[in-house]
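# model this:
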Amino acid sequence: MEQLNNISSEQELIIQKARKRIIESMGKNMELYGITQSIGHLYGLLFFQNKPMTLDEMREAMEMSKTSMSTGVRTLVDLKMVNKVWEKGSRKDLYEVEMDWFQTFSDYFSLKWRKALEINLSSLRKSKVELNQLSQQYPDDTALQGILQTDINKIDEAIRYYKWLDRLIDSFETEEIFNLVPKDLP
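Numbers count the residues shown, from 1 in each chain. Below you'll find the model as predicted:
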């Protein structure tokens, strides 16, 4: 963690304790989103840095293996929670936290929801085609038609939901969501 200069050891202890509490909380919260606690702690470490860090600096501060550190940073970069930055005179890759938490939230959920939406819509549409084909093959089987119609209705309702979710994701990506739910109260 960043060394604090020009303050007393008592002040530094209080600051470090406060930071550690927040980093622990971030680690626990990240688990809710499918990110390991150690990657959440890495995010917290980067959050309190006032300068970009190299993988070696992070590895040393976190006491993690180079492989684990690299995987953790790559995960955070892929989720757009951490940015790779360039610094004049440095030949090593440097990383810093994306400080716009609104953007981080939007990017994270847009990525996750979009992936789920595409997988589920594809599955729903394919299944609906198959059920409609079965329905056309046996138009006089009333018991089968009842089962098929019930399932098709459920699929249609799920498709309706995923179309709504697609519009919600669009509102995050275009930032229109902030017109409905402002970042700050007036």
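# when you work out contacts or count neighbours from here on, use the C-alpha atoms and nothing else.
Will do.
# tell me the domain ranges of the protein?
Per the record, the chain has its domains at 9-97, 101-180, by automatic domain parsing.
# distance across the last one, terminal residue to terminal residue?
With Cα to Cα, to the nearest Å as the measure, the first residue of domain 101-180 is 17 Å from its last.
# from the chain's centroid, how far away is that domain?
Distance of domain 101-180 from its chain centroid, counting by Cα atoms, centre = their mean, to the nearest Å, is 21 Å.
# what of the longest one?
Averaged C-alpha coordinates place domain 9-97 at 16 Å from its chain's average position (Cα atoms, centre = their mean).
# ends of it, how far apart?
27 Å.
# center of the protein - which residue?
Centroid check for the chain by Cα atoms, centre = their mean gives Y108 as the closest residue, at 3.0 Å.
# now do the same contact list for that residue.
79-81 (Cα atoms under 8 Å, 6 or more residues apart in numbering).
# closest to L121 out of those?
Nearest to L121 among those, counting by Cα to Cα, is L79 at 22.6 Å.
# give the closest residue to that closest one in space, chain neighbours not counted.
Leaving aside its sequence neighbours, L79 sits nearest to Y108 (Cα to Cα, 6 or more residues apart in numbering; 5.6 Å).
# buried residues in the helix or strand hosting the one you found?
Following DSSP states H and E, one finds Y108 within helix 101-137. In terms of neighbour count (16 or more other Cα atoms under 10 Å), helix 101-137 has its buried residues at 104, 106-111, 113-114, 117, 121, 124, 128, 131, 135.
# need the max-distance pair from these.
T104 and S135 (45.7 Å).
# relative to E130, how far out is the residue of the chain positioned farthest from its centre?
Distance to the chain centre peaks in the chain at D140, reaching 48.9 Å (criterion: Cα atoms, centre = their mean). D140 is 17 Å from E130, where distance means Cα to Cα.
# next one: A116
From A116 to E130 the distance is 21 Å (Cα to Cα).
# and I22, by the same measure?
Where E130 is concerned, I22 sits at a distance of 51 Å (Cα to Cα).
# so which residues of this structure form helices?
Assigned by DSSP state H, the helices in the chain fall at 9-32, 37-47, 55-62, 66-78, 101-137, 142-173, 177-180.
# make TSV out of the ones you listed and add distance to S90 and mean pLDDT.
As requested, those are exported to TSV (distance: least, Cα to Cα, whole Å; pLDDT from 0 to 100):
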stretch	distance to S90	mean pLDDT
helix 9-32	27	92
helix 37-47	18	93
helix 55-62	13	92
helix 66-78	18	92
helix 101-137	26	95
helix 142-173	33	97
helix 177-180	38	94
